[in-house]
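Novice: Sequence and predicted structure are below.
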Amino acid sequence: MQNFRDYLRAYLTYVRTHGWMKALGFALLWVAGMFVPAGARAFVQLPDWLAFSWMFGWAIGGYILAPYGMWKQQRAAAISSISPEADSR
């Protein structure tokens, strides 16, 4: 549970640093991507396996890329904490 709290704190720091609209935009893009097959089915006939594969792949991609974003944020924080500019303050 401690790791989850740390994750939420880091995400909140990211949102405060980069702005709410950017974080909200990424979240909406991810949700919209999940439902692309449902929207496409309104216009064309899609096989069930294709829609399922798209949604499954999109979800797995989200789980792969989310930790990468958190790693980038933590790495940037670590680098800024050991940089010479941090010592001169």
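Specialist: Alright, I've got the coordinates.
Novice: and the end-to-end length of stretch 37-50?
Specialist: 8 Å (Cα to Cα, to the nearest Å).
Novice: how far does it sit from the chain's center?
Specialist: 25 Å (Cα atoms, centre = their mean, to the nearest Å).
Novice: buried set for that stretch?
Specialist: When burial is assessed from 16 or more other Cβ atoms under 10 Å, stretch 37-50 yields the following buried residues: residue 37. To be clear about C-beta, it is placed using only N, CA and C from the backbone, and glycine gets the same treatment.
Novice: and whichever strand or helix holds residue 64, what other elements does it pack with?
Specialist: Element membership for residue 64 (DSSP states H and E) is helix 48-82. Packing contacts for helix 48-82, counted by 3 or more Cβ pairs under 8 Å, 6 or more residues apart in numbering; DSSP states H and E, involve helix 2-18, helix 20-34, helix 36-41.
Novice: In CSV: the ones you listed, plus mean pLDDT and distance to residue 61.
Specialist: Formatted as CSV, the entries for these read as follows, by pLDDT from 0 to 100; distance: least, Cβ to Cβ, whole Å:
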stretch, mean pLDDT, distance to residue 61
helix 2-18, 79, 18
helix 20-34, 80, 9
helix 36-41, 87, 13
